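[1] With the input below, show me the fold.
(chains A and B, ligands or ions: 2)
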Amino acid sequence: MNYFYFPLEEWTNDFVNGWLLPVMSGFFDSISVALRSFIDGVTNLIIAIPPELLVIVLILLAWKLAGKGIALFTLIGCLYIGSVDLWAETMQTVAIVIVSTLISVLFGVPVGILSAKSKTVDKIVRPILDFMQTLPIFVYLIPSILLFGLGGVPAVIATFVFAAPPAVRMTRLGILQVPEEVVEASQAFGTTSKQLLFKVQLPLAVPTIMAGVNQTIMLALSMAVVASMIGAPGLGSIVLSGISTVNVGLGLTGGLAIVVIAIILDRITQGVGNKL
Amino acid sequence: MNKIEVNNLTKIFGSHPQQGLKRLKNGEQKDEILDQTGMTVGVNQASFAVEPGEIFVIMGLSGSGKSTLIRLVNRLIEPTDGEVLIDGEDITKMDKNALIDTRRKQLGMVFQKFGLLPHKTILHNVAYGLEIQGVDKAEREKKALETIEDVGLKGYEDSYPSQLSGGMQQRVGIARALANDTDILLMDEAFSALDPIIRSEMQDELLKIQAKLGKTVLFITHDLDEALKLGDRIAIMKDGRIVQIGTSEEILENPANDYVSNFVKDVDRSKVLEASHVMKRPEVLLSYKDGPRVAVRKMEEAGVSSIFVTDKEKNFKGLLTIDDAIKAYQNNTSMEEVLITEDIYSTPPDTPLNDLIGIAADVKYPIVILEDGKLLGIVSRVSILSGLVLGKEKDEVISA
Ligand SMILES: Nc1ncnc2c1ncn2[C@@H]1O[C@H](COP(=O)(O)OP(=O)(O)OP(=O)(O)O)[C@@H](O)[C@H]1O
Ligand SMILES: [Mg+2]
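    Ligands and ions are numbered 1, 2, ... in the order given. Model (predicted):
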């Protein structure tokens, strides 16, 4: 099958080494600085909150949005995390999840809206999303280290690439799901396209968008271990050191904490979607 | 001026509508164009005009283009060709802002599937049209509350559409259209999703609303009974074309072609029904010996402007209008002198309704039903039409 040689490898390297790194490094540095302070801010904020207070708020939220069972689970799960002394690491992981989710939503919802409104945009966006979700993580992990250095920032970028697509897809779906007769009726009364979006389509799409946000959060959490490989602090690094020192107990301790956080966040965000 | 005027309006769905239009203008039919080009003719060179305060019904089988036509009137669908004048302004040539403004100020619409906003309460649904115009909250909610009350849904302001029955949801749909105070109501099979009893109630209500507010109504239906009951005039559509326009009588009496007569032939009640089946007891009967003064008082009490007069044996004597009665009273003349006896059409109770359709349209006063000279009842144009639509109504039949 080798009819001609396609020098993708050389081209890419030339592009990265010859242009991206030298010319754009200032640009990426400033992104890096901004993101790092954002992540640090969020981390410091949630670490500064007394754990007991945070747990009470979480329990109340869980109770209101997901029922008694999940409230009880939240209590037991948080007691577990405290008892294995992983509260700080958990908060570091949660901070990265929060930041990547926020960025994913800030990017995903508008893009989802545009691709619901325009077939052309959808045709362009769709393959990019497929690319983002299926490209092996390490392929973009390495360049993001080159561009942003080690630590939380490349972790957030890599998490964003992997976790943002559901936010885009579900926003688009949510808007297209609004019944035709509702859109038509609104238009018949003289709704402008902006009013249609903000007064009709988005409010009705919120439950679906929330389901997308929920998926984004879950995918972001699932990236915790990978994120730690490029230097992000948190539960992932506990699991990672458990693996590298063949300390099965340590790996399980950290892994279990990730699962606990996943279940709590999943049920609470699902509850938000259902309540709306 | 006509409230709505539609001239040569055409809609072709498909990739090259202009080509399809050329074919239509060469006289090709909907199915030929579909076969040869794959394009669907939704509406084919339709023209009609609706006068202010008129209920104009468009009737046709499924797929005949009714929904497309009504959506061309407020440009929810872009026309391929032709014009739509709303109060003389061509909506097809308006820019976006003018179009939105016309929809807000002139054109209310009611949908078959209601199209209510599921995330808003009834109050906010009804206020929606005013909300998007930027009317302030207090004012629009006051207006919405009044309208909700008008359609009989007081107390449901804070419910959500899903908590209401179909009939109630459509009342909300009507209230939403009324809240904007538009002169025109577009109604696309507005009552078709409702069960028969609710449906008939809603029809009566629409007639009441129309009589009170003088709206111009463009009403779509596939149901002839509904068309006859509501329509001042009826247009019949087939394959996107309007094949006949006329009053109920004209369409029942002279169907323009087989398509229309097929529609109409179900309504052979006119042949079965007799005058006695639809006649009503006259509002007030004045005995011959009463003077003009009693006559005026009786008419005032009953809130009518004319009264039928008989003698003691119920022998029909004539009709007295309130003006004539007052004149007679002032001039001190006798009642016989002012009694109308000439222009009144009388007929026996077993006259087929069919024979009365044409007459009812021409005569000035209700037809009187006489047996051996005695007054049994009266038949108005309305009672003939509703008789045709509803059949015999037990409670309104007078046993002779
Ligand atoms: N968006 C569309 N694209 C293509 N064809 C359409 C579209 N909308 C309607 N049509 C076609 O146009 C014709 C008229 O449809 P329309 O919905 O106006 O009929 P209708 O008289 O309202 O029927 P019904 O009683 O079933 O509601 C049909 O042949 C239909 O298939
Ligand atoms: Mg239709």
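
[2] Could you export stretch B:323-334 as CSV, CA atoms only?
    Extracted C-alpha coordinates of stretch B:323-334, given in CSV (Å, rounded to 0.1, in the frame of the first residue of the first chain):
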residue,chain,number,x,y,z
ASP,B,323,-89.6,51.5,16.4
ASP,B,324,-93.0,51.0,15.0
ALA,B,325,-94.5,50.3,18.4
ILE,B,326,-93.1,53.5,19.8
LYS,B,327,-94.4,55.4,16.8
ALA,B,328,-97.9,53.9,17.2
TYR,B,329,-97.8,54.7,20.9
GLN,B,330,-96.8,58.3,20.3
ASN,B,331,-99.3,58.9,17.5
ASN,B,332,-101.9,57.0,19.3
THR,B,333,-102.6,54.7,16.3
SER,B,334,-103.7,51.1,16.5
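
[3] Neighbours of A:I76, how many?
    Using other C-beta atoms under 10 Å in any protein chain shown, A:I76 is surrounded by 10 other residues. Quick note: C-beta positions are derived from backbone N, CA and C, even for glycine.

[4] Then the one 4 residues further on?
    A:Y80 has 14 neighbours, counted by other C-beta under 10 Å.

[5] now swap in B:L213 and tell me
    Counted with other C-beta under 10 Å, the neighbours of B:L213 add up to 13.

[6] Could you report the pLDDT at the closest residue to B:S47 other than its chain neighbours?
    If the residues on either side of it in the chain are set aside, B:S47 comes closest to B:N7, at 5.2 Å by C-beta to C-beta, 6 or more residues apart in numbering or on different chains. pLDDT for B:N7: 96.

[7] Now for the residue in the stretch 51-200 of chain A positioned nearest to ligand 1: which residues touch it?
    Going by C-beta to the nearest ligand atom, ligand 1 is nearest to A:E180 of the stretch 51-200 of chain A, at 10.1 Å. Shown in contact with A:E180 (C-beta atoms under 8 Å, 6 or more residues apart in numbering or on different chains): no residues.

[8] And it, how far from A:Q187?
    Distance of A:E180 to A:Q187, computed by C-beta to C-beta, to the nearest Å: 11 Å.

[9] what residue ranges in chain A score low on pLDDT?
    For chain A, the stretches flagged by pLDDT under 70 are A:276.

[10] so where do the helices sit in it?
    A:8-15, A:21-48, A:51-66, A:68-83, A:87-117, A:119-134, A:137-148, A:152-176, A:180-188, A:193-195, A:202-222, A:224-229, A:235-244, A:248-275 (DSSP state H).

[11] Out of those, flag the one nearest B:I174.
    Of all the helices of chain A, helix A:180-188 sits nearest to B:I174, with 12.4 Å by C-beta to C-beta.

[12] okay, now B:G53: neighbour count?
    15.

[13] Let me know the pLDDT of it.
    B:G53 is given a pLDDT of 93.

[14] Grab the nearest non-local neighbour of it.
    Ranked by C-beta to C-beta, 6+ apart and with sequence neighbours excluded, the top spatial neighbour of B:G53 is B:G214, at 4.7 Å.

[15] Please report the number of neighbouring residues for that neighbour.
    Neighbours of B:G214 (other C-beta under 10 Å): 11.

[16] same deal with A:N274?
    12.

[17] so what's it closest to, chain neighbours aside?
    Once flanking residues are discounted, A:N274 sits nearest to A:P207: 7.1 Å by C-beta to C-beta, 6+ apart.

[18] so the one you found touches A:G273, yeah?
    Yes. A:P207 lies in contact with A:G273 (C-beta atoms under 8 Å); the separation is 4.9 Å.

[19] mind listing what's buried in stretch B:239-256?
    For stretch B:239-256, burial by neighbour count (16 or more other C-beta atoms under 10 Å in any protein chain shown) applies to B:239-252, B:255.

[20] State which helix of chain B is the longest.
    Longest helix of chain B, by residue count under DSSP H: helix B:196-213.

[21] Quick check: mean pLDDT of it?
    88.

[22] how much distance is there from it to the middle of the chain?
    Centroid displacement of helix B:196-213 relative to its chain, using C-alpha atoms, centre = their mean, to the nearest Å, is 9 Å.

[23] so, in contact with ligand 1 or not, stretch B:218-229?
    Yes. Using C-beta under 6 Å from any ligand atom, stretch B:218-229 comes into contact with ligand 1 via B:H222.

[24] Straight-line length of that stretch, end to end?
    Using C-alpha to C-alpha, to the nearest Å, one end of stretch B:218-229 lies 14 Å from the other.

[25] Do any residues in that stretch lie close to chain A?
    No. Applying C-beta under 8 Å from any C-beta of the partner chain, one finds stretch B:218-229 separated from chain A by no less than 12.7 Å.

[26] Now that stretch: buried residues?
    B:L218, B:F219, B:I220, B:T221, B:H222, B:D223, B:L224, B:D225, B:E226, B:A227, B:L228, B:K229.

[27] still on that earlier bit, only alpha carbons, please: show the longest helix of chain B as PDB.
    The C-alpha trace of helix B:196-213 is given here as PDB (Å, rounded to 0.1, in the frame of the first residue of the first chain):
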ATOM      1  CA  PRO B 196     -66.100  16.400  20.400                       C
ATOM      2  CA  ILE B 197     -67.900  17.900  23.300                       C
ATOM      3  CA  ILE B 198     -65.000  20.200  24.300                       C
ATOM      4  CA  ARG B 199     -64.600  21.000  20.700                       C
ATOM      5  CA  SER B 200     -68.100  22.200  20.300                       C
ATOM      6  CA  GLU B 201     -67.800  24.300  23.400                       C
ATOM      7  CA  MET B 202     -64.700  25.900  22.100                       C
ATOM      8  CA  GLN B 203     -66.400  26.700  18.800                       C
ATOM      9  CA  ASP B 204     -69.200  28.400  20.600                       C
ATOM     10  CA  GLU B 205     -66.700  30.300  22.700                       C
ATOM     11  CA  LEU B 206     -64.800  31.400  19.600                       C
ATOM     12  CA  LEU B 207     -68.000  32.700  18.100                       C
ATOM     13  CA  LYS B 208     -68.700  34.600  21.300                       C
ATOM     14  CA  ILE B 209     -65.200  36.100  21.400                       C
ATOM     15  CA  GLN B 210     -65.500  37.100  17.800                       C
ATOM     16  CA  ALA B 211     -68.800  38.700  18.300                       C
ATOM     17  CA  LYS B 212     -67.500  40.600  21.300                       C
ATOM     18  CA  LEU B 213     -64.100  41.700  20.000                       C
END
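
[28] All set, thanks.
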